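**Q** requesting a structural model of the entry that follows:
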Amino acid sequence: QDALEDAFRLYLPYEMSTSQLRLRVAGRTDKGVHARGQVIAVDLLQQLQDPEWKIMQSLNSRLPIDVSVSSCCPCSSTFQPRLNVVRKQYSYTMRYRKLVLDGKGEPLPACKGGPYSMQTAFDSPILWKCPWPLDESKLESTCQFLIGRHDFSSFVHKDNRHKRDKRSNSIDDDDKVCNIVTLEKFNFSILERSSEDEEAPWVEVKFRMEAKGFRRSMCRNLVGFVVEVCRGE
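**A** Numbering: from 1, shown residues only. Coordinates of the predicted model:
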């Protein structure tokens, strides 16, 4: 938020402070989470005459490398990104070692190599390398089990589990005090596999969750639950 406010300073009168921008966002992310398609609204004292591409160019030249503006347009002064949200999607990328058992029903030695045995020089900093081998036959059924309208209290950060959610329309309107959320989508896609010649190949997947809104830490805890099931816990 600070970076965006500093970038918008270009379009403010000298005597106007960045706090008067009233910058509003569609949602906050958990620590370590990056947003794609985040929607923000700001209040300016005048209609900008520059074309859209020029405004984007000016803002992006003043933003750090991990923040960028992809589009912009005029909006009503009453527009509230958080209150007018229609749907949000979270994605979570993970690499795991496939659980392969020997003739005695024990995991092969390769399954116990840990995250560093799957590391490559091109890994993204937002990729989680799961330290446990997983039974991938349970992945899809576990994701499907969680879809629908449920009380997700157990998946919400303990500090927010009993707090009232003040966001109208971000979760079901009659459920602002509790943690009942309609999870519309929870699936995964395979991005990459190591050589099938390996005894226990590693697999990289991307999970996607979709709903009108999520509570704090809910998405990463949903993935954590899937991992626990697939490791046999």
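**Q** and residue 83, what element?
**A** Counting by DSSP states H and E, no helix or strand carries residue 83.
**Q** please apply the same query to residue 53.
**A** For residue 53, the host element (DSSP H and E) is helix 52-60.
**Q** tell me the buried residues in that helix?
**A** Residues of helix 52-60 classed as buried: 55-56, 58-59 (neighbour count, 16 or more other Cβ atoms under 10 Å). Just so you know, the C-beta spots here come from the backbone N, C-alpha and C atoms, and that holds for glycine as well.
**Q** which two in those are spaced the farthest apart?
**A** Spatially, the most separated pair among the buried residues of helix 52-60 is 56 and 58, at 7.4 Å (Cβ to Cβ).
**Q** what's stretch 179-196 in contact with?
**A** The contact list for stretch 179-196 (Cβ atoms under 8 Å, 6 or more residues apart in numbering) reads 87, 89, 93, 118, 139-140, 143-144, 146-153, 155-156, 161, 171-172, 175, 201-215, 218, 222.
**Q** buried subset of these as a ChimeraX selection?
**A** To isolate in ChimeraX the members of the contacts of stretch 179-196 that are buried, counting by 16+ other Cβ under 10 Å, one can use:
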select :118,139,143,147,152,155,156,161,171,172,202,203,204,205,207,209,210,211,212,213,214,215,218,222
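**Q** where do the strands sit along this protein?
**A** Here the chain has its strands, by DSSP state E, at 24-25, 40-41, 88-98, 128-134, 148-151, 180-183, 185-193, 202-211.
**Q** CSV please, covering those and showing mean pLDDT.
**A** As requested, the strands of the chain are exported to CSV (pLDDT from 0 to 100):
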stretch, mean pLDDT
strand 24-25, 82
strand 40-41, 86
strand 88-98, 92
strand 128-134, 94
strand 148-151, 91
strand 180-183, 88
strand 185-193, 93
strand 202-211, 94
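**Q** dump those strands to CSV, plus distance to residue 82.
**A** CSV is the format used below for the strands of the chain (distance: least, Cβ to Cβ, whole Å):
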stretch, distance to residue 82
strand 24-25, 6
strand 40-41, 10
strand 88-98, 11
strand 128-134, 28
strand 148-151, 22
strand 180-183, 16
strand 185-193, 21
strand 202-211, 15
